[in-house]
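Colleague: what follows is a protein structure lacking sequence information:
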């Protein structure tokens with residue numbers, strides 16, 4: 001089976017490839033937009049929810065390539081910030097993709113706040129022209145008072161999952177993938193996918 005990962009983010013690609021290969025084994029051929037498109041396809045994330053953005057990206061990539069597409073959208077939801085940055089996580093500071101500025105804004109807004117409960121939530125959409133399937137993964141934890149670790153990306157260096165003493169940015173890829181929101185969402189997608197096939 002060939003699937004197209006609907007992202008140009010090299011960190012996401014690496015993480016999703018690792019997780020999907022573990023779940024599906026060698027029978028899965030994974031391609032990215034850079035592998036098959038001469039001109040990059042930029043999908044504007046205009047959705048008001050993670051679900052809408054994942055859907056927009058999966059539909060756009062499948063419509064352009066004809067290859068079954070897996071798209072995700074992920075948000076960091078901080079309790080004391082009314083579940084922000086949420087759907088705006090990648091551009092929370094005002095500049096899309098400025099991870100350092102995004103992290104700093106969250107730390108500044110939580111300064112002095114004892115309630116640092118937060119969660120990462122990933123929604124994945126699979127579309128192959130016949131079916132559109134959704135799956136979700138949630139990883140609960142807390143926001144640190146300062147950054148720790150130099151691995152990972154995004155908000156990883158300020159987020160500690162429940163039951164751990166280490167931030168995502170202090171973990172190896174395999175340690176993070178085993179408990180992360182994206183890993184859980186991809187595992188759920190497999191269950192949804194299998195359930196759909198068995199119901200036919």
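Modeller: Here it is on my side, so go on. Everything quoted here is computed from the prediction, not taken from an experiment.
Colleague: check which helices and strands the helix or strand containing residue 55 sits against.
Modeller: Assigned by DSSP states H and E, residue 55 belongs to helix 50-65. Here helix 50-65 touches strand 2-5, strand 69-78, strand 117-127, strand 132-143, going by 3 or more Cβ pairs under 8 Å, 6 or more residues apart in numbering; DSSP states H and E. (Glycine included, C-beta is placed from N, CA and C.)
Colleague: looking at those, which one is packed in the most?
Modeller: Most buried of the helices and strands packed on helix 50-65 by mean neighbour count (mean count of other Cβ atoms under 10 Å) is strand 69-78; its value is a mean of 25.
Colleague: gap between that strand and the chain center?
Modeller: Strand 69-78 has its C-alpha centroid displaced from the chain centroid by 4 Å (Cα atoms, centre = their mean, to the nearest Å).
Colleague: that strand to strand 117-127, inter-axis angle?
Modeller: Put simply, strand 69-78 runs at 170 degrees to strand 117-127, going by axes from the mean of the first three to the mean of the last three Cα atoms, to 10 degrees.
Colleague: burial count for the closest residue to residue 48 other than its chain neighbours?
Modeller: The shortest distance from residue 48 to any non-neighbouring residue, by Cβ to Cβ, 6 or more residues apart in numbering, is to residue 87 (6.8 Å). Residues lying near residue 87 (other Cβ atoms under 10 Å) number 22.
Colleague: contacts only, for residue 87.
Modeller: When contacts are counted by Cβ atoms under 8 Å, 6 or more residues apart in numbering, residue 87 is found next to 45, 47, 48, 49, 50, 53, 73, 75.
Colleague: what packs against the lengthiest helix in the chain?
Modeller: When the chain is parsed with DSSP state H, its longest helix is helix 181-199. If you count contacts as 3+ Cβ pairs under 8 Å, 6+ apart, helix 181-199 packs onto helix 10-24, strand 69-78, strand 117-127, strand 132-143.
Colleague: so after the shortest one, what's the next helix or strand?
Modeller: The one in question is strand 69-78. strand 84-85.
Colleague: okay, buried residues for the helix or strand just after that following strand please.
Modeller: Downstream of strand 84-85, the next assigned helix or strand under DSSP H and E is helix 99-109. Going by neighbour count (16 or more other Cβ atoms under 10 Å), the buried part of helix 99-109 is 99, 102, 103, 105, 106, 107.
Colleague: on the pLDDT front, check the fifth one for me.
Modeller: In other words, residue 106. In this model, residue 106 is scored at 98, pLDDT.
Colleague: what about the chain, any weak spots by pLDDT?
Modeller: Along the chain, segments meeting pLDDT under 70 span 23-26, 196-200.
Colleague: tell me the centre residue of it?
Modeller: The residue lying closest to the centre of the chain (Cα atoms, centre = their mean) is residue 74, at 4.1 Å.
Colleague: how close does the closest residue to that residue other than its chain neighbours get to residue 79?
Modeller: Leaving aside its chain neighbours, residue 74 sits nearest to residue 122 (4.4 Å; criterion: Cβ to Cβ, 6+ apart). Distance, residue 122 to residue 79, by Cβ to Cβ, to the nearest Å: 18 Å.
Colleague: residue 29: how many residues sit nearby?
Modeller: Residue 29: 11 surrounding residues under other Cβ under 10 Å.
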